[in-house]
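> Sequence and predicted structure are below.
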Amino acid sequence: MQRVCNILDLIQESPEGFSLTQVAEVTQFPKSSAYRYLATLESRRYVMRDPITGLFRIGPAFLPLQSRQLAVLADRVRPYLTALRDQFEETVNLGILDGYRVSYVEIIESPHTVRLAAREGDRDQLHCTALGKAIATTLDDDRVTMILEAEGMPQRTPRTITSIPEYLEDLAASRQQGFAIDDCENESDGRCVAVPLSQIGMQAAISISAPSSRLSMDDVPHIAHALSETAKALANDTNP
């Protein structure tokens, strides 16, 4: 119990993040044991890992502080998402890694009557969504595998990837091209393109989603470029 309290003290005292080594030091555990503690805390959303520094920070389970951080993030990102929505007239999403799933923080809906739109606070799995894939590109394969093994890979549509090796291959291609695609893998009539966000202090991504009849594969490069430019602008806005 004392060691758990020491970890909680470390979380509270380290708003800028803390390392696995620090957890091992305060608990006097070997790093392998300390990592298992952190993995459990992460799965329960008490900590989350920064994709840039690799440091752990307080997670969304600590609601008051985390809610304020997410509100600030949503306020900062909203004008950029609105501009993308106006440009493409399709739904634009901001998601973060929330435990082992992607949580929708901000959604700017398409003006079309028929549209793809989640609800703020919804949590989807990584294996079948473009947001999840884009966030997964910022993680190492061992961590991705751990998440997939813990969450499972249920088949949402006939096109859903349900094999870890196949998913890792898809992820490698996404890393190389700089964006991720959900090609009718989460909804049979839906397509989504996403890119990861960097330098915002949490694992996050933005995406554009639409019925596949309006968002063709030929549209993907143009949409991916616009998302990538927005991600760059956000990184500059976050770190002037």
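It's in. For clarity, every value in this text was computed on a predicted model and none was experimentally measured.
> what pLDDT, on average, does stretch 226-238 get?
Model confidence over stretch 226-238, given as mean pLDDT, is 87.
> Please apply the same query to stretch 11-19.
Computed over stretch 11-19, the mean pLDDT rounds to 73.
> so how far does that stretch reach from one end to the other?
The separation between the terminal residues of stretch 11-19, taken as C-alpha to C-alpha, to the nearest Å, is 10 Å.
> Tell me where the protein has strands.
Secondary structure of the chain by DSSP state E: the strands cover 47-49, 56-58, 91-98, 101-108, 123-124, 180-183, 190-197, 204-211.
> Let's have those strands in TSV, adding mean neighbour count and mean pLDDT.
Bear in mind the C-beta positions are built from the backbone N, C-alpha and C, glycine included. TSV is the format used below for those (neighbours: other C-beta atoms under 10 Å; pLDDT from 0 to 100):
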stretch	mean neighbour count	mean pLDDT
strand 47-49	24	83
strand 56-58	20	81
strand 91-98	26	91
strand 101-108	22	90
strand 123-124	16	86
strand 180-183	24	96
strand 190-197	27	95
strand 204-211	26	94
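> which stretch among these comes nearest L73?
Taking C-beta to C-beta as the criterion, strand 101-108 is the member of the strands of the chain that comes nearest to L73, at 6.6 Å.
> what lines up beside the closest one in the sheet?
Its sheet considered, strand 101-108 pairs with strand 91-98 (antiparallel), strand 123-124 (antiparallel) by DSSP bridges.
> How many residues are close by the closest residue to R44 other than its chain neighbours?
Take R44 and drop its neighbours on the chain: the residue closest to it by C-beta to C-beta, 6 or more residues apart in numbering is A61, 6.2 Å away. Using other C-beta atoms under 10 Å, A61 has 14 other residues around it.
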